[in-house]
Each structure stands twice: as structure tokens, then as C-alpha cells.
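# My questions concern the predicted model and sequence given below.
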Amino acid sequence: MAKKTTYKETTIEDLKKALTEKREELRKLRFEAAGARPADSKAPAKTRKEIARILTELALRKKVSN
């Protein structure tokens, strides 16, 4: 099992970039699933969890900065 990606040492700009990439990846996965049977059926759930991790880290940093 792969380790979870931690975002504690990444910059805010990198987090925002990763967020847009993950959202784009999720969009592509949704279209692939609509067209045919996907190879990894849990990929959208994994991507949503990664998005949530990024958003949580951004919210924590915003809270600390205020």
C-alpha cells in the first residue's frame, strides 16, 4: 500500500497548483467512467481524498495566518 502524500512542507502556491491538477484528474476520471468500465474503480475516491487533504492543509494555514 502506498504512503499518503503529506503537504506540510509544501508552499501555498504548490498546494494551489496540486489542487487544480487533482480536480482536473477527477474530472477526467468521471468522463472515463461514464464512457467505459474504468481500470481502477477506486481512483475517483482516492482523488477526492487527496483534494480534501489539500483543502484541509490550505484551511489550516489560512487559520494560522489570521
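Here it is on my side, so go on.

# so who does residue 29 touch?
By CB atoms under 8 Å, 6 or more residues apart in numbering, the contact set of residue 29 is 38, 43-44, 47. In this view, the C-beta of every residue, glycine as well, is placed from N, C-alpha and C.

# and which of the residues you listed is nearest to residue 65?
Distances from residue 65 to the contacts of residue 29, taken as CB to CB, are shortest for residue 47 (27.2 Å).

# now the residue lying closest to the closest one once chain neighbours are set aside: how far from residue 12?
Setting aside the residues directly before and after it, residue 47 is nearest to residue 26 in space (CB to CB, 6 or more residues apart in numbering), at 4.5 Å. Distance of residue 26 to residue 12, given as CB to CB, to the nearest Å: 21 Å.

# the more surrounded of those two?
Neighbours per residue (other CB atoms under 10 Å) separate residue 26 from residue 12, with residue 26 holding more: 17 against 12.

# ok, the more buried one touching residue 51?
Yes. Using CB atoms under 8 Å, residue 26 is in contact with residue 51, at 6.9 Å.

# Now do the same contact list for residue 51.
Residue 51 neighbours (CB under 8 Å, 6+ apart): 19, 22-23, 26.

# following the helix or strand harbouring residue 27, which helix or strand comes up?
Per DSSP states H and E, residue 27 falls inside helix 12-35. Counting by DSSP H and E, the next helix or strand C-terminal to helix 12-35 is helix 43-65.
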